[in-house]
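K.L.:
with the input below, show me the fold.
(one chain, ligands or ions: 1)
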Amino acid sequence: MLEELYEIIEDRKRNPVEDSYTAKLLYGEKGINGILEKLGEEMTEVILAVKDGKREEVVYEVADLLYHLLVLLSKLEIRLEEVYDELARRRK
Ligand SMILES: N=c1c2ncn([C@@H]3O[C@H](COP(=O)(O)OP(=O)(O)OP(=O)(O)O)[C@@H](O)[C@H]3O)c2ncn1[C@@H]1O[C@H](COP(=O)(O)O)[C@@H](O)[C@H]1O
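P.N.:
Below is the predicted model:
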C-alpha cells in the first residue's frame, strides 16, 4: 500500500495535473515549508485524536500523516526502500 501510494505521488511529480492536491504540495509556492507545515498539522491532529480517545479519528489522521510523510520523501527524492533498509539495519 505505501509503495503503491508512493508511486502515485511520484507520478504526480512527473505529471503535475492541475486538480492534484499532491502536485500543489510538491510545487506550491511555499516549497518544502508547505509540506512541513502540513506534516506538523497532521501530527498535531493525531495527538489530539489520541488524547480524545477517538480510535476512528486516530486511524484517519494517521493515514493523513503517512500520506504527507510520503510526499515529503518524494520531494526529497528519498525512496521508501532507503527507510526500509534503515529499519532492517536496526532490527535485533
Ligand atoms: N492519500 C491521499 C491523501 N491523504 C490526505 N490527503 C489530503 O490531505 C489533505 C489533509 O488536509 P487537512 O487534514 O488539513 O484537511 P483539509 O482541511 O481538507 O486540507 P487543507 O484544505 O487545509 O489543505 C486533504 O486535502 C486530503 O485530501 C490526500 N490526498 C491525496 N491522497 C492520495 O494521493 C494520490 C494522488 O492524489 P491527487 O494529488 O489528489 O491526485 C491519490 O491516490 C490519493 O488517494
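K.L.:
return the set of buried residues in stretch 36-43.
P.N.:
For stretch 36-43, the neighbour count (16 or more other CB atoms under 10 Å) marks 38, 39, 42, 43 as buried. The C-beta positions use only the backbone N, C-alpha and C, and glycine is treated the same way.
K.L.:
show me what contacts the first one?
P.N.:
Residues counted as contacts of residue 38 (CB atoms under 8 Å, 6 or more residues apart in numbering) are 25, 68.
K.L.:
now it: which helix or strand?
P.N.:
Per DSSP states H and E: residue 38 is located in helix 32-51.
K.L.:
so how far is the helix or strand that contains residue 89 from its chain's centroid?
P.N.:
Using DSSP H and E, residue 89 sits in helix 80-90. Remark: helix 80-90 is offset 17 Å from the chain centroid, using CA atoms, centre = their mean, to the nearest Å.
K.L.:
what are the contacting residues of that helix?
P.N.:
2, 3, 6, 70, 73.
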